[in-house]
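Student: Coordinates only, no sequence provided:
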């Protein structure tokens, strides 16, 4: 009975709640942006042209800032995200500040990124609307170094010292979050560096998650081995007496993973079908709820069915909507129908809010546009909801 009442209350098609903080102008911009993103040919052509224009200094940053950047990013600096953080907060949605500068490979840049993430921790400590901090291991260390470790290759003295610096940066961030009482997400990456990242995340959880989940590892359930990894990590945590932080996602590198597996002639780590990913994703949610006193769960998903499953299961198990160990999460600029309707029902919800200088964040934005252009269902869903809200507003004026 409780689950049925919750199902009636949670209406992900309620666009009035979903777009309450969007002006007519915001809606119109989002409509044309998603129309553009739906055109995969335009995205393929536009990406190299935009890259070239930025490289030679053509004055296009203003156009980018007022279109795709405005939709998917919070601001160019931490302080510049303040208004966006407040807007989300009005809808009972918190923020995950995500410094999204990518592609830097020098030790100087790794140190600078680490310091920037530490600044997000300090800012989060003063702002209750920020529920998590986050970092990518390749933001604070070299990708090829992680790949070499994953491949069990011997490091030379210089590489060993480099790896120690990477580990020290990860520890600095996790320690700062532990001392500030702020949760931190360690993002997942490509499979050929993920074992090393998992080892780092497990060590950080064992060190800082003695009382509760502060450090969260990310489990990509479009991989066929990750449900087992989650269960193995939990079994280890039980023996060693610490809590698990688990961000559950489907995944973000499917095409690259399959192409590399084919090229290098090894079995693909990706699930054989989307249905298999969905099954494992939902099983991971249920497993976390089975052990909610020892697992901090973040369900990172834009999937209506998975969100509804988690919400209904919480009610079935009499878990309060605002239980500190359960969060829903979506990306800024997408799936507002999920985020704000969940927030309106008092669930813990967070939005990933990328930020950074326009030019430096472009790799992230290009990836986001490409992912949306290949996910026709998601883009079509966004457009249909925007159209529905525009019609609703036109009839109520």
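Tutor: Yep, that arrived. All values derive from a computational prediction rather than experimental measurement.
Student: ok, the residue nearest in space to the middle of the chain to residue 346 distance?
Tutor: Central residue of the chain (C-alpha atoms, centre = their mean): residue 352, 5.6 Å from the mean position. Separation of residue 352 from residue 346 (C-beta to C-beta, to the nearest Å) stands at 21 Å. For every residue, glycine as well, the C-beta is placed using N, CA and C.
Student: what stretches of the stretch 51-200 of the chain score poorly on pLDDT?
Tutor: Low-confidence segments of the stretch 51-200 of the chain, defined by pLDDT under 70: 51-62, 103.
Student: Helices of that one, start to end?
Tutor: Under the criterion DSSP state H, counting those that start in this stretch, the stretch 51-200 of the chain carries helices at the ranges 61-65, 68-72, 82-90, 107-126, 143-150, 157-180, 191-208.
Student: does residue 21 really touch residue 87, like I thought?
Tutor: Yes - in this structure residue 21 lies within contact range of residue 87 using C-beta atoms under 8 Å: 5.0 Å.
Student: Now that residue 165 has come up, it's in contact with residue 107, right?
Tutor: Yes - applying C-beta under 8 Å as the test, residue 165 and residue 107 come out as touching, 6.9 Å apart.
Student: what number of residues lie near residue 395?
Tutor: Here the count is done by other C-beta atoms under 10 Å, and residue 395 has 7 residues near it.
Student: Would you agree it falls within a helix?
Tutor: Yes - Residue 395 forms part of a helix when assessed by DSSP: H, G, I helix; E, B strand; the rest coil.
Student: State the pLDDT value of it.
Tutor: Reading off the per-residue confidence, residue 395 sits at a pLDDT of 89.
Student: quick one: it from residue 388, how far?
Tutor: When distance is defined by C-beta to C-beta, residue 395 is 11 Å away from residue 388.
Student: And residue 323, by the same measure?
Tutor: Counting by C-beta to C-beta, the gap from residue 323 to residue 388 is 31 Å.
Student: which intervals of the stretch 251-397 of the chain have sub-threshold pLDDT?
Tutor: In the predicted model, the stretch 251-397 of the chain carries pLDDT under 70 at residues 367-377, 397.
Student: Strands of that one, start to end?
Tutor: Using DSSP state E, counting those that start in this stretch, the strands found in the stretch 251-397 of the chain span residues 295-300, 326-331, 349-355.
Student: and stretch 340-355, which residues are buried?
Tutor: Using 16 or more other C-beta atoms under 10 Å as the burial criterion, the residues of stretch 340-355 that qualify are 340-345, 347-355.
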